[in-house]
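Q: everything below, folded, please.
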Amino acid sequence: MTILSRSRSRSQKSGPAPFDIRDYIDGAAAFYGATANVIMQLSLPPVGYGVAESTVHSGSIMVHPVKRTRTTLTYLAVALMGTDADRAAYRTAINGVHRHVHSTADSPVKYNAFDKDLQLWVAACLYWGSVDLVARLFGPTDDTTADTFYGYAHRLGTTLQVPREMWPADRAAFDVYWTTHLAQTTVDSTIKAYFDDLLDLKMLHPLLRPGLARFHRWFTTGLLPQHLRDELDLPWTSADERTLNRLMRATGNVSVRLPRPIRNFPFNVALADMRRRQRRGKPLV
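A: Next up is the predicted model:
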């Protein structure tokens, strides 16, 4: 039984329940999908160079991995689980950082962190990755639930500068958008070097890497679209795919039996921490 089928069982007994995003937030996604999603986002050259050339080192995962991870988790938590006031506050905080992220005369591509089209691509990666992970963890989702979640997911972009009308109208329109823009992703030597550092966990202490980096590179490879595996020359076999799917379903079978607050970790904690920091007047990012 998946989280989604459990929700349907409740609604059959007591009538249709209101949509509650907390039923669809699973912390396993934070563990498995983070690096793959970063690679997808940064494979669009303006996004990749916006990160690779950024002078805001306080937000660099290679320099401050814990802080960067907290910021990303908090953004997802605020976008999906927060109130309108939470989203407005976090938007203001992120805008303060994004003001410093723009191309220079020497940049190989032009970019600006306030570019709505680039933000839409990042939001699309977050949505696509979450749907892919849910399917791998818990199996297929029925169309009604999938449509409802899709209609909610525009917040992944509109929490920043993406207007609601820019979000593809439905899942079919999203598929067209995704296919078209995924084909535009490309990885040059500069961005590939950055990705290799991510895959090999170069931000961690050298004593921690040997036991983690090989596994991290392997499962991250499995969560990338084939186009990006090809761009990065990452091998992946049908045997790898079967092993990854067994691992993910085993994780899902454990996760679905956990109470919702535990399944929601670390996103619920990140949201609570953001609200605590706001009350105390501390920086949110």
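Q: what average pLDDT does stretch 178-188 get?
A: Mean pLDDT, computed over stretch 178-188, is 97.
Q: export it to CSV, keeping only CA atoms.
A: Output of stretch 178-188 as CSV, limited to C-alpha atoms (Å, rounded to 0.1, in the frame of the first residue of the first chain):
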residue,chain,number,x,y,z
TRP,A,178,9.9,19.1,-20.2
THR,A,179,10.8,17.2,-23.3
THR,A,180,11.6,20.4,-25.2
HIS,A,181,13.7,22.0,-22.5
LEU,A,182,15.5,18.8,-21.4
ALA,A,183,16.7,18.5,-25.0
GLN,A,184,18.3,22.0,-24.6
THR,A,185,20.4,20.9,-21.6
THR,A,186,24.1,20.5,-22.2
VAL,A,187,27.2,20.0,-20.1
ASP,A,188,30.5,21.6,-20.9
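Q: which parts of it are buried?
A: 178, 182, 185, 187 (16 or more other Cβ atoms under 10 Å). C-beta here means a position set from N, CA and C on the backbone, and glycine is covered the same way.
Q: give me the subset of those residues that lies in helices.
A: The helices, defined by DSSP state H, take in 178, 182 from these.
Q: which one of the buried residues of stretch 178-188 is nearest to residue 143?
A: Distance to residue 143 across the buried residues of stretch 178-188 (Cβ to Cβ) is lowest for residue 178, with 17.7 Å.
Q: farthest-apart pair in the buried residues of stretch 178-188, please.
A: Of all pairs in the buried residues of stretch 178-188, the most separated under Cβ to Cβ is 178 and 187 at 17.8 Å.
Q: so which of the buried residues of stretch 178-188 is the closest to residue 49?
A: residue 187 (11.5 Å).
Q: thought residue 94 was touching residue 283?
A: No - using Cβ atoms under 8 Å as the test, residue 94 is too far from residue 283 to be in contact (11.2 Å).
Q: which of those two has more neighbours?
A: residue 94 (21 against 10; other Cβ atoms under 10 Å).
Q: quick check: which element contains the more buried one?
A: Using DSSP states H and E, residue 94 falls within helix 84-98.
Q: give the buried residues for the very next helix or strand once past that helix.
A: The first helix or strand that comes after helix 84-98 along the chain, using DSSP H and E, is helix 116-138. For helix 116-138, burial by neighbour count (16+ other Cβ under 10 Å) applies to 118-138.
Q: low-confidence ranges in the stretch 51-200 of the chain?
A: 57-60, 62-64 (pLDDT under 70).
Q: hmm, try it at 50
A: Along the stretch 51-200 of the chain, no part satisfies pLDDT under 50.
Q: angle of whichever strand or helix holds residue 211 against helix 116-138?
A: In the assignment (DSSP H and E), residue 211 maps to helix 209-222. Interaxial angle, helix 209-222 versus helix 116-138 (axes from the mean of the first three to the mean of the last three Cα atoms, to 10 degrees): 100 degrees.
Q: identify the residue spatially nearest to the residue nearest the centre of the chain, adjacent ones excluded.
A: Central residue of the chain (Cα atoms, centre = their mean): residue 126, 3.9 Å from the mean position. Nearest non-adjacent residue to residue 126, counting by Cβ to Cβ, 6 or more residues apart in numbering: residue 156, 4.7 Å away.
Q: all good on my end, thank you.
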